[in-house]
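**Q** When you get a sec, could you give me coordinates for this:
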Amino acid sequence: CDMAEQEPLLVGITPAMREGSGMVEFSQRFPERFHDVAIAEQHAVTLAAGLACEGMKPVVAIYSTFLQRAYDQLIHDVALQDLDVLFAIDRAGLVGEDGATHAGSFDLSFLRCVPNILVMAPSDEDETRKLLSTGYLHRGPAAVRYPRGTGPGTPIDPALAPVEIGRGRRLRKGTGVGILAFGTMVAPSLAAAESLKASVADMRFVKPLDEELVLEFAAKHTLLVTAEENTVAGGAGAAVSELLAAHGIVMPVLHIGLPDRFLDHGKPQDMLKSVGLDAAGIEASIRARLKALRPTTKRPSR
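**A** So this is what the prediction gives:
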């Protein structure tokens with residue numbers, strides 16, 4: 001709404017998710033610039049492409065799981081033509097009581113393989129605002145993925161300032177272990193890092209990755225850890241490993257994320273705990289990998 005006050009070309013589109021994606025106020029304040037296309041996700045994305053062709057700046061507010069239904073349109077109608085569309089992807093990651101059908105487990109994997117698109121994962125409320133501003137002001141396809149529910153309570157800067165594209169944040173300096181955290185995994189990674197005396201970075205961008213930051217962490221640590229609330233297969237961690245391989249870097253890497261199975265209903269915090277994506281689980285996974293990396297002492301032969 002704040003951006004729409006300044007940007008007359010901003011148009012909001014949602015496929016029957018006005019309430020769920022927090023578009024009620026926008027629809028009331030800017031009714032002539034709001035389009036609820038009903039349960040027609042493919043149409044929502046193609047409508048955005050058409051509006052972008054005519055010089056508008058569409059923002060598509062959509063659940064991660066429902067963007068899967070419009071994947072062909074995202075690729076062919078938006079990304080292939082490098083059109084100026086922002087995807088505000090709600091319910092990314094686990095969704096608690098909404099169940100397995102609504103979990104946003106795959107968007108980082110299916111987005112980062114698409115050319116031209118900017119992919120961002122904010123870590124808190126203020127970062128969400130900053131990265132939405134970044135995506136809006138970027139000329140071309142952009143996606144910001146954020147979870148259902150409440151954030152950690154970070155104060156929000158009222159400005160609409162963007163951040164530098166492809167630049168993460170160094171949050172904690174440590175030794176031995178370097179954690180590259182994406183989105184919601186920043187807070188539990190910081191908590192786990194205290195007892196581990198590990199370094200932590202908020203990566204912010206999945207595409208493009210902050211290559212300088214990744215290479216710096218690889219050079220200064222003996223174990224590199226990636227953490228994301230997305231399936232490990234093809235996700236943000238996989239992008240880090242691909243970057244290391246491209247530079248010929250061989251080192252221990254631990255990918256922490258959603259397992260290769262569908263997760264049923266439950267309270268979000270209980271679900272995260274069950275798959276090791278809370279602070280204790282992240283710490284336990286890292287300690288287990290460190291233990292496995294320690295050289296074993298061989299008994300002298302007789």
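**Q** so where do the helices sit in this structure?
**A** Ranges of helices in the chain, per DSSP state H, are 2-6, 24-29, 41-53, 64-67, 71-73, 107-112, 125-137, 186-196, 211-220, 236-246, 268-274, 279-293.
**Q** Let me know which of these is tucked in deepest.
**A** helix 64-67 (a mean of 25; mean count of other Cβ atoms under 10 Å). C-beta coordinates here come from the backbone N, C-alpha and C atoms, glycine included.
**Q** which residues are contacting the worst-scoring helix or strand of the chain on mean pLDDT?
**A** Least confident helix or strand, the chain: helix 268-274 with a mean of 92, by mean pLDDT, DSSP states H and E. For helix 268-274, the surrounding residues in contact (Cβ atoms under 8 Å, 6 or more residues apart in numbering) are 94-96, 148-149, 188, 229, 263, 266, 278, 280-281.
**Q** would you list the helices of the chain in JSON lines and tack on distance to residue 14?
**A** As requested, these are exported to JSON lines (distance: least, Cβ to Cβ, whole Å):
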{"stretch": "helix 2-6", "distance to residue 14": "14"}
{"stretch": "helix 24-29", "distance to residue 14": "9"}
{"stretch": "helix 41-53", "distance to residue 14": "7"}
{"stretch": "helix 64-67", "distance to residue 14": "10"}
{"stretch": "helix 71-73", "distance to residue 14": "15"}
{"stretch": "helix 107-112", "distance to residue 14": "17"}
{"stretch": "helix 125-137", "distance to residue 14": "15"}
{"stretch": "helix 186-196", "distance to residue 14": "27"}
{"stretch": "helix 211-220", "distance to residue 14": "34"}
{"stretch": "helix 236-246", "distance to residue 14": "26"}
{"stretch": "helix 268-274", "distance to residue 14": "23"}
{"stretch": "helix 279-293", "distance to residue 14": "34"}
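**Q** what's the least confident stretch among the ones you listed?
**A** In terms of mean pLDDT, the lowest-scoring of the helices of the chain is helix 268-274 (a mean of 92).
**Q** what's the longest strand in this protein?
**A** Across the chain, the longest stretch assigned as strand under DSSP state E is strand 223-231.
**Q** circling back: which one of the helices of the chain lies nearest to residue 161?
**A** Evaluated over the helices of the chain, closeness to residue 161 peaks at helix 125-137, with 6.3 Å, by Cβ to Cβ.
**Q** Which among the helices of the chain is found nearest to residue 164?
**A** Residue 164 lies closest to helix 125-137 among these, at 8.5 Å (Cβ to Cβ).
**Q** Could you dump the contacts of helix 268-274 into JSON lines with distance to residue 2 added?
**A** Shown next, in JSON lines, are the contacts of helix 268-274 (distance: Cβ to Cβ, whole Å):
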{"residue": "94", "distance to residue 2": "29"}
{"residue": "95", "distance to residue 2": "27"}
{"residue": "96", "distance to residue 2": "29"}
{"residue": "148", "distance to residue 2": "22"}
{"residue": "149", "distance to residue 2": "22"}
{"residue": "188", "distance to residue 2": "30"}
{"residue": "229", "distance to residue 2": "27"}
{"residue": "263", "distance to residue 2": "35"}
{"residue": "266", "distance to residue 2": "35"}
{"residue": "278", "distance to residue 2": "33"}
{"residue": "280", "distance to residue 2": "38"}
{"residue": "281", "distance to residue 2": "36"}
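**Q** List only those of these flagged as buried.
**A** Neighbour counting with 16 or more other Cβ atoms under 10 Å marks 94-96, 148, 188, 229, 263, 278, 281 as buried within these.
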